[in-house]
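Chemist: got a sequence here, can you model it:
(2 chains)
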Amino acid sequence: MKAIVSVFAQDSKGITAYVTGLLAEKEINILDITQTLMQGYFAMIMLVDLADCALPFDELARFLREKGAQRSMDIHIQRQDIFEAMHRI
Amino acid sequence: MSYLINSSEIIQTIEMIDQQHLDVRTVTMGINLLDCASEDMDACCRKVYDKICRRAEKLVETGCAIEREFGIPIVNKRVSVSPISMVAAACRAEDYTPLAQAMDRAAKTVGINFIGGFSALAHKGFTDSDLKLIHSIPRALTETELVCGSVNVASTRAGINMDAVALMGRIIRQTAERAPMGCAKLVVFANAVEDNPFMAGAFHGVGEPECVINVGVSGPGVVAHALRDCQGKPFDVVAETVKKTAFKITRMGQLVAQEASRRLGVPFGVVDLSLAPTPAIGDSVAEILEIMGLEKCGGHGTTAALALLNDAVKKGGVMASSHVGGLSGAFIPVSEDAGMISAVEAGALSIDKLEAMTCVCSVGLDMIAVPGDTPAETLSALIADEAAIGMVNNKTTAVRVIPAIGKTVGDRVDFGGLLGSAPVMPLRSGSAAAFIARGGRIPAPLHSLKN
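Modeler: Reported below is the predicted structural model:
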């Protein structure tokens, strides 16, 4: 299953390293990644493949949310289908 | 097809959900109960309870799982059942309240927040069972928590059953005298639809399959946000913007509907494209009309603005879903819409304007509190006017009014939760008693010579 991981945080050093580290820990492969700064606010969006991730989706979402909160980041994971459905015909 | 990240699309979707109240308003499972008929009321109740519990066992769990995976809130999980007047027709009992209680227990067991279908279709006349059901409404809806009921009193093909209109005025009063909340769960329809997923008017029509999943999408906040970027632009741009937004909202609803249908092993019925407001700030249909340029919802221009909105929502949504149905349009429930409440309190929105608005929007006089001393005949006359609008214009109309017992204009009735709170609105004076006392049927309108 493919999913979109979105990360929103105040810009600081090491955000990408921290988040990709969390994903690697759970055997999640990153397929595409994009990041931008919006008025000092960091936004990173990743397309990931969950094929090798043993954790159920719910628990993974909770894990990312909690790990994100520890560093004052908002980390969401959502199935990719929703973005495709809403924006592509 | 490989998906490439487009950050603006993704951020837009996340903002719609996080800041603009985008949600799937309801996933409603329609369940046929006609096979639960029995001469014995207890046996019928047992069958009804068992069947609802069996069919909807996994509804809430599945809804919650979809919600978490897609990151889309699914606010309500609900069940609609076959009109109980048909299910109970074989019962010897006079009072159908036990069936409502069985529905209520089943709803609580499966964890849904409303169950609809304590209904009768009496647009041309009453069956004995319709009458028993209607007379059971005051007790049934006030002695249960989650059961919703509806009565269809008119249709474009059959005309208006004025005996039913007269009776429903009295039933609404009796229900209000027991508990005003009962009236918030009771809808009187003209041209009721069989696949509506929204409460309180949902029931599982006789033309429907054994079991079906219907999804209601919402999103007034998203439309309002999109229209804020069109300040001063012509209506062509406004309509186009609403269409594009409705398309996106509906695609999301369609995805959720298909996913729920696949996981539950139940066929997908329709997506109902309705802009259903909630009392939350920024989730209001009235606000959309005001963004279009009206100082206050209810002023002159409101009907035109609503007509544009209602039509554009449908046009945008139709292409986004394989099957569109239900009520589809914009809802204008007063108590559930912060902008409507504020317009009533400012004296800008009257019952007459609301009636005019129902000519061009999806339903009717919805969640309106009226003075507690309103006579039953006046309520019936209000229903007759709405039914006439529905009958002549080939559309669904409905009345859900709450006589606020012991209260008068200027007071407020609080329903809590999604149902919100309603300021008591003045009605026109002048009795309709002699008009309502006539009874009989208003014939169906002519379908030709349309000028």
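
Chemist: so which residues on chain B come close to chain A?
Modeler: B:1, B:3-7, B:9-14, B:65, B:68-72, B:248, B:251-252, B:254-255 (Cβ under 8 Å from any Cβ of the partner chain). No exception for glycine: its C-beta is placed from N, CA and C like everyone else's.

Chemist: list buried residues within those.
Modeler: B:3, B:5, B:9-14, B:65, B:68-72, B:248, B:251-252, B:254-255 (16 or more other Cβ atoms under 10 Å in any protein chain shown).

Chemist: these in strands, which ones?
Modeler: The members of those all map outside strands under DSSP state E.

Chemist: so the residue of chain A found nearest chain B: helix, strand or coil?
Modeler: Of all residues in chain A, A:Q78 sits closest to chain B, at 3.7 Å by Cβ to the nearest Cβ. Under the three-state scheme (DSSP: H, G, I helix; E, B strand; the rest coil), A:Q78 adopts strand.

Chemist: start and end of stretch B:423-438, how far apart?
Modeler: 32 Å (Cα to Cα, to the nearest Å).

Chemist: list the buried ones in it?
Modeler: B:P423, B:V424, B:M425, B:L427, B:A432, B:I436.

Chemist: report the mean confidence score over it.
Modeler: Averaged over stretch B:423-438, pLDDT sits at 95.

Chemist: before we move on, what about stretch B:441-451?
Modeler: pLDDT averaged over stretch B:441-451 gives 87.

Chemist: that older thread, just the ones of the buried residues of stretch B:423-438 in strands?
Modeler: Using DSSP E, the buried residues of stretch B:423-438 in strands are B:P423.

Chemist: so where's the longest helix in chain A?
Modeler: Ordering each helix of chain A by length in residues (DSSP state H) puts helix A:57-70 first.

Chemist: show me what that helix is packed up against.
Modeler: strand A:2-10, helix A:15-25, strand A:74-79, helix B:59-70 (3 or more Cβ pairs under 8 Å, 6 or more residues apart in numbering or on different chains; DSSP states H and E).

Chemist: does any bit of the helix or strand following the second one sit next to chain B?
Modeler: Beyond helix A:15-25 in the direction of the C-terminus, DSSP states H and E gives the next helix or strand as strand A:29-38. Yes. Taking Cβ under 8 Å from any Cβ as the criterion, strand A:29-38 and chain B are in contact, through A:D32, A:I33, A:T34, A:T36.

Chemist: what strands flank strand A:29-38, and is each parallel or antiparallel?
Modeler: strand A:41-49 (antiparallel) (DSSP bridges).

Chemist: buried residues, the strand it pairs with. List them.
Modeler: A:F42, A:A43, A:M44, A:I45, A:M46, A:L47, A:V48.

Chemist: list the contacts for B:M41?
Modeler: Applying Cβ atoms under 8 Å, 6 or more residues apart in numbering or on different chains, we find B:M41 in contact with B:A88, B:C91, B:R92, B:A93, B:P98, B:L99.

Chemist: and the last one, how far is that from chain A?
Modeler: Taking Cβ to the nearest Cβ, to the nearest Å as the measure, B:L99 falls 37 Å from chain A.

Chemist: list the contacts of that residue.
Modeler: B:M41, B:C44, B:C45, B:V48, B:I84, B:V87, B:A88, B:F118, B:A140.

Chemist: name the helix or strand for residue 85, please.
Modeler: Answering for chain A, as no chain was given. Using DSSP H and E, A:A85 falls in helix A:81-87.

Chemist: oops, I was thinking of chain B
Modeler: Short version, using DSSP H and E: B:S85 is in helix B:84-87.

Chemist: tell me the mean pLDDT over that helix?
Modeler: 97.

Chemist: quick one: it to chain centroid distance?
Modeler: The chain centre lies 20 Å from the centre of helix B:84-87; the measure is Cα atoms, centre = their mean, to the nearest Å.

Chemist: what residues does it touch?
Modeler: B:33-34, B:36-37, B:44, B:48, B:81, B:96, B:99-100, B:103, B:117-121, B:127, B:129-130, B:132-133, B:206.

Chemist: switch to 6 Å and redo it
Modeler: Applying Cβ atoms under 6 Å, 6 or more residues apart in numbering or on different chains, the contact partners of helix B:84-87 are B:L33, B:C36, B:L99, B:G117, B:F118, B:A120, B:S129, B:D130, B:L133.

Chemist: circling back: from the buried residues of strand A:41-49, which is closest to A:L60?
Modeler: A:V48 (10.0 Å; Cβ to Cβ).

Chemist: can you give me the pLDDT of that closest one?
Modeler: pLDDT, A:V48: 94.

Chemist: where do the helices of the stretch 301-450 of chain B begin and end?
Modeler: With DSSP state H, counting those that start in this stretch, the ranges of helices along the stretch 301-450 of chain B come out as B:302-318, B:338-345, B:351-358, B:376-393, B:433-437.

Chemist: can you show me the CA trace of the host helix or strand of B:S80 as CSV?
Modeler: Secondary structure from DSSP H and E places B:S80 in strand B:74-81. Taking Å, rounded to 0.1, in the frame of the first residue of the first chain, the C-alpha atoms of strand B:74-81 are listed here in CSV:
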residue,chain,number,x,y,z
ILE,B,74,-16.6,10.2,9.0
VAL,B,75,-18.9,12.1,11.4
ASN,B,76,-21.8,9.7,11.6
LYS,B,77,-22.4,6.0,11.0
ARG,B,78,-26.1,5.3,10.7
VAL,B,79,-28.7,2.8,9.6
SER,B,80,-32.0,3.3,7.7
VAL,B,81,-34.6,0.6,7.5
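
Chemist: against which helices or strands is it packed?
Modeler: Here strand B:74-81 touches strand B:24-31, helix B:59-70, strand B:115-121, going by 3 or more Cβ pairs under 6 Å, 6 or more residues apart in numbering or on different chains; DSSP states H and E.

Chemist: with distance to B:V165 and mean pLDDT added, can I get those in CSV?
Modeler: Compiled in CSV, these are given as follows (distance: least, Cβ to Cβ, whole Å; pLDDT from 0 to 100):
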stretch, distance to B:V165, mean pLDDT
strand B:24-31, 27, 95
helix B:59-70, 35, 93
strand B:115-121, 13, 97
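
Chemist: B:K108: which of these is closest?
Modeler: strand B:115-121 (9.4 Å).

Chemist: if I look at the residue nearest to B:T62 when sequence neighbours are not counted, how far off is chain A?
Modeler: Distances taken as Cβ to Cβ, 6 or more residues apart in numbering or on different chains put B:R263 closest to B:T62, at 5.0 Å, once the chain neighbours are dropped. Using Cβ to the nearest Cβ, B:R263 is found at 13 Å from chain A.

Chemist: B:R263 sits in which helix or strand?
Modeler: Counting by DSSP H and E, B:R263 is part of helix B:235-264.

Chemist: elements contacting the helix or strand that that helix is followed by?
Modeler: Per DSSP H and E, the first helix or strand lying C-terminal to helix B:235-264 is strand B:268-275. Here strand B:268-275 touches strand B:211-217, helix B:235-264, helix B:302-318, going by 3+ Cβ pairs under 6 Å, 6+ apart.

Chemist: sounds good, over and out.
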